[in-house]
Each structure stands twice: as C-alpha cells, then as structure tokens.
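Asker: got a structure for you, letters missing:
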Ligand SMILES: [Zn+2]
C-alpha cells in the first residue's frame, strides 16, 4: 500500500494531522514509508496471537484509524523497529510527533515500538472498546470505529 492509501484509510477527523506530520518529517530529508495504518480487528487479533505484547483486539489505536507505523530512510540510515531509541531521537521525528501531540511508541514503557505514532491517550482505546461493544456487533466494531464522529 502506498503512503497515500494508508493516510486515506485513517479516521477522517485526524488524517490531515498525520499528513502534516509525514510532510514535516519529509521536509527534514527523510523518505517516510508508512507500513501500517488503519487495521481491522481480525488483523489485530492475528498480530496479538503472534506476539502477546501487541495490543489485544479492540485495544489498538490502529483499529480506530488513529495510528500509523513508519520506517524512515535518509542516505544509508534506515529507521525501523529494531533501531535504537537514541537514533530515532536524533532523527528529529519524535520531536515532530510531540509538536503534533502524537504519542510515540518509542516511549511506551511496556513495549518499545518506535515505528508507532498515534493520537490517542493511554486508556482511551479500552474505554472506547467497552463503550462500542455495547452498541455494535463486535465482528464489525472496527468498521464503526472508523466512521464514528469522534469528539476529542
Ligand atoms: Zn503501530
């Protein structure tokens, strides 16, 4: 999937924020490769099965269209999941995320996930999931989550 398709898959209330975020990174000379964006609940379940440190279905910001995962390239530098935290910080990307009020997965205490950037607060997805599953069929939760008019 191209970056444009990834960005278009995000929740429409926040897609412009992520577009601006990516453009500002690219203005520093990085080539940004978006590797994940909106993700279905079944895909989340699959990822959680592969690694329990990945969020359980219903609990990932990706399922609400509020997160992207990126790699970044500049010269012979390739920022990816296994890249050390200091190298990510030196790239300037986490500082740009902070400016846009995005959480950086490099700061997550339970799971170092430096490719991940989202616009939710800790505990939000758990709260939304508990709310949504009362109203919507759980199988299609991710579809509703992507369409709801979020107020935050
Ligand atoms: Zn992610």
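Answerer: Yes, it's here. Bear in mind that the values here come from a model prediction, so they are computed numbers and not experimental data.
Asker: Not counting sequence-adjacent ones, nearest residue to residue 12?
Answerer: residue 65 (8.0 Å; Cβ to Cβ, 6 or more residues apart in numbering). Where C-beta positions appear, they are placed from N, C-alpha and C, glycine not excepted.
Asker: Got the phi and psi for residue 62?
Answerer: Taking degrees, to the nearest 10, you get phi -60, psi -30 for the backbone angles of residue 62.
Asker: Any figure for the gap between it and residue 55?
Answerer: As judged by Cβ to Cβ, to the nearest Å, residue 62 and residue 55 stand 8 Å apart.
Asker: what is in contact with the two at once?
Answerer: Residues touching both residue 62 and residue 55 by Cβ atoms under 8 Å, 6 or more residues apart in numbering: residue 44.
Asker: okay, those two: which has more neighbours?
Answerer: Neighbours were counted for residue 62 and for residue 55 using other Cβ atoms under 10 Å; residue 62 has more, 26 against 20.
Asker: thought that one was touching residue 44?
Answerer: Yes - contact criterion Cβ atoms under 8 Å: residue 62 and residue 44 qualify, at 6.9 Å.
Asker: Specify the beta-bridge partners of the residue nearest the centre of the chain.
Answerer: Among the residues of the chain, the one closest to the centroid is residue 67, at 2.2 Å (Cα atoms, centre = their mean). Beta-bridge partners for residue 67, by DSSP bridges, are residue 118.
Asker: follow-up on the earlier one: just give me the neighbour total for the residue nearest to residue 12.
Answerer: Residue 65 has 25 nearby residues by other Cβ under 10 Å.
Asker: Quick check: buried residues in stretch 3-18?
Answerer: 3, 6-7, 9-11, 14-15, 17-18 (16 or more other Cβ atoms under 10 Å).
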